[in-house]
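Peer 1: what shape does this take:
(chains A and B)
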Amino acid sequence: MTPFRDPGRRGAVDAADASEGDGPPAGGQVQLRLPRRLVEEMRADLARPHSFAFERIGWLSVATANRDGAELLVLGLEYFPVLDEHYVGDDSVGARIGSDAIREAMQRTMDLGRGCFHVHLHSGGGLPVFSRTDRAEQPRLIESIRRVARDEAHGMLVLSDDAANAWVWTPRSTGPVVPRRVSIVGYPMRIFAPGEQPGTSRRPYSDDEPDGRLARQSFLGPSAATTLNDARIAVVGLGGGGSHLVQQLAHVGVGHMRLFDEDAVERSNLNRLVGAGFADAVARTPKTVVATRTVLAVTPTTEVLPTPRPWQGAPDRLRECDLVFGAVDSFAARRELEVLCRRYGIPYIDVGMDVHQVKGEPPRMGGQVILSLPEGPCMHCLGFLSEARLAEEAAHYGAAGPRPQVVWPNGVLASTAVGIAIDVLTGWTRRAPDTVYLSYDGNTGELRNHVRLRFLPQARCAHYPRGSMGDPRPRPLDAGQ
Amino acid sequence: MTLSDDQLRELRVLCPELAVYEEGGVSFLLLPKLAMPDGASPAAVDALLCPTSRDGYASRLFVAERVTPISSKPNWNGNIRILERNWLAASWKVQPGLRLIQMLGAHLDAFR
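Peer 2: All right, here's what the predicted structure looks like:
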């Protein structure tokens, strides 16, 4: 139940009703991720007028994931509006729903085995806060719903026109917490940190840029510095492409980086590995050490978490990121990264180059930058990954020998990829791309939209439907199976 | 390939805890504690059958840990991430068009 509000009044919440004195503890080790399309779907429904209620309510089904990681992930899956006839007339509140609506939500929660969030909308901009009535009444409702799915996260979500806030009950917790991060995943990304403990220095570079370091990129928007500083970005593969990526991410002010590579610097890397020197090749310095050193030389305040082993040994570190770059050297490795990103609702940017030798012709240098956004076309939809290509790669496994790599195409492709990431994070170009697939011709220096973009299927990606987000769940089998 | 009821039933006799998963538009059959051929070690491992073409193989069997066969010496591919678990796979070709139970048996020949 939500408080009565004059429907003509704008603003994220009634000021007199916005006291946070009786809220749950901040800083809960929880992230809530909501696909942008889902948020738009919820906003559109909640903004519809009702014949007598002043506002609307809905239910959000969520997946609970990363249970063995440092942060629990709660992923928005599907929205269910409260039916018109399930509202009850009560002028003392904005909307009151009857027992039928609650029973239906409980039944669905039990049937799906998913978590359930109560959702409503505060029109207006800015981070919405729960009103006194929300705080008094919704927790009782959530406690009832929790009884039918104790092992799932449940909660209450309030949307504004451009932000979201939540309280989350984690499995087996005694009460709600404010999630550390709530993010809306899509173009542009929106990352909110309602649950950061007051007084923590999470913003060494504010939007006012006291040291002027980011003054020349203020065109990215008034909150861009904060967004970039709050963003947690992973780079998998710290060779020719990845080393450029981390250096540029440090320069633009990304505050949290997770770096993955199990290899050490070799002499043959020195033709392209930014930040590595002769001594690193002699000492066989881990590439994570070189990358960390490069980042901290630019921004000593950046939080860097290096992982000098395959990411498959620490997948929780990837799941907790807002955006992942893949600068890996096989199609199979790209497939695995995209699978993880789709499963946990993370934008993935792929960077790669290759040189092909055709008999009698000069070498052909090519490459690609791909943006794979959750719910958008995936690398299979784009035709970049295919069973034929993966089969060909597998057939040559271990027989490829040293593959040609040089510094300048890595620089071009990594710079382009960083530009795409900054656009996704800040929305500064307002292009709202569903996907990006740029093809690079290293012989001519041209970077252009790949021809396959013209033939993309209009339907949503069938390889990664929204319902498949979260930890793997078996498909229900018929009794006869 | 469609996973027909009768084929799944046949497989369930061998592995009662069989479960079907989807990832990236591909179906996988999880076979917990699948018995390995007599003499192979360990005697049972969690396995994952991909009944459709994968990486150039008509079908593929992944196992959660390295299996020491009785006499064959398969080449191993490791660190394969599927369904949020790490798997290994023997480099072992099986002819296409088999029923699931036959397919599984043919893959297990790699460990005899």
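Peer 1: give me the number of residues near A:Trp124?
Peer 2: Just to correct that, residue A:124 is Gly rather than Trp. A:Gly124: 15 surrounding residues under other CB atoms under 10 Å in any protein chain shown. (Glycine included, C-beta is placed from N, CA and C.)
Peer 1: name the helix or strand for the residue most central in space within chain B, please.
Peer 2: The centroid of chain B falls nearest to B:Leu61 when counting by CA atoms, centre = their mean (2.7 Å). Take DSSP states H and E as the rule and B:Leu61 turns out to sit in strand B:60-63.
Peer 1: helices or strands next to that strand in the packing?
Peer 2: strand B:44-50, strand B:85-90, helix B:100-108 (3 or more CB pairs under 8 Å, 6 or more residues apart in numbering or on different chains; DSSP states H and E).
Peer 1: please identify the buried residues of the longest one?
Peer 2: By 16 or more other CB atoms under 10 Å in any protein chain shown, the buried positions in helix B:100-108 come out as B:Leu100, B:Ile101, B:Met103, B:Leu104, B:Ala106, B:His107, B:Leu108.
Peer 1: repeat that for the first one.
Peer 2: By neighbour count, with 16+ other CB under 10 Å as the criterion, the buried positions of strand B:44-50 are B:Val45, B:Asp46, B:Ala47, B:Leu48, B:Leu49, B:Cys50.
Peer 1: in TSV: the residues you listed, plus distance to chain A and pLDDT.
Peer 2: Output for these, formatted as TSV (distance: CB to the nearest CB, whole Å; pLDDT from 0 to 100):
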residue	distance to chain A	pLDDT
B:Val45	18	97
B:Asp46	13	98
B:Ala47	15	98
B:Leu48	11	98
B:Leu49	14	98
B:Cys50	11	97
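Peer 1: is it possible to export those to a markdown table including distance to A:Leu323?
Peer 2: Putting those into a markdown table (distance: CB to CB, whole Å) gives the following:
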| residue | distance to A:Leu323 |
| --- | --- |
| B:Val45 | 36 |
| B:Asp46 | 32 |
| B:Ala47 | 34 |
| B:Leu48 | 29 |
| B:Leu49 | 34 |
| B:Cys50 | 29 |
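Peer 1: nearest to A:Thr133 among the buried residues of helix B:100-108?
Peer 2: For the buried residues of helix B:100-108, the minimum distance to A:Thr133 (CB to CB) is 56.4 Å, reached by B:Leu100.
Peer 1: in the stretch 301-450 of chain A, which spans are strands?
Peer 2: A:303-307, A:323-326, A:348-356, A:364-372, A:435-441, A:446-449 (DSSP state E, counting those that start in this stretch).
Peer 1: need the contact partners of the first one.
Peer 2: The set of residues external to strand A:303-307 that reach it, using CB atoms under 8 Å, 6 or more residues apart in numbering or on different chains, is A:255-261, A:286, A:288-289, A:291-292, A:295-296, A:313-314, A:317.
Peer 1: can we see that at 6 Å?
Peer 2: A:His256, A:Met257, A:Arg258, A:Leu259, A:Phe260, A:Thr288, A:Thr292, A:Val295, A:Ala314, A:Arg317 (CB atoms under 6 Å, 6 or more residues apart in numbering or on different chains).
Peer 1: in it, which residues are buried?
Peer 2: Under 16+ other CB under 10 Å, the buried positions of strand A:303-307 are A:Val304, A:Leu305, A:Pro306, A:Thr307.
Peer 1: which residues of chain A fall in helices?
Peer 2: A:36-46, A:99-112, A:132-146, A:224-230, A:240-252, A:278-283, A:287-298, A:315-319, A:331-343, A:387-395, A:407-426 (DSSP state H).
Peer 1: got those helices as CSV, with mean pLDDT, mean neighbour count and distance to chain B columns?
Peer 2: Rendered in CSV, the data for those read as follows (pLDDT from 0 to 100; neighbours: other CB atoms under 10 Å in any protein chain shown; distance: least, CB to the nearest CB, whole Å):
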stretch, mean pLDDT, mean neighbour count, distance to chain B
helix A:36-46, 96, 18, 19
helix A:99-112, 96, 16, 16
helix A:132-146, 93, 18, 25
helix A:224-230, 92, 22, 27
helix A:240-252, 98, 25, 18
helix A:278-283, 98, 13, 25
helix A:287-298, 98, 20, 17
helix A:315-319, 96, 20, 7
helix A:331-343, 97, 24, 4
helix A:387-395, 91, 14, 3
helix A:407-426, 97, 22, 22
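Peer 1: quick one: which of those helices is nearest A:Arg216?
Peer 2: Using CB to CB, the nearest of those to A:Arg216 is helix A:240-252, at 10.6 Å.
Peer 1: for the closest one, C-alpha coordinates in CSV please.
Peer 2: Presented in CSV, the C-alpha positions along helix A:240-252 are these (Å, rounded to 0.1, in the frame of the first residue of the first chain):
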residue,chain,number,x,y,z
GLY,A,240,47.5,-6.3,-26.7
GLY,A,241,43.9,-5.2,-26.6
GLY,A,242,43.2,-5.4,-22.9
SER,A,243,46.3,-3.4,-22.0
HIS,A,244,45.0,-0.5,-24.0
LEU,A,245,41.5,-0.9,-22.5
VAL,A,246,42.7,-0.7,-18.8
GLN,A,247,44.9,2.3,-19.5
GLN,A,248,42.1,4.3,-21.1
LEU,A,249,39.5,3.2,-18.5
ALA,A,250,41.9,4.7,-15.9
HIS,A,251,42.2,7.9,-17.8
VAL,A,252,38.4,8.4,-18.1
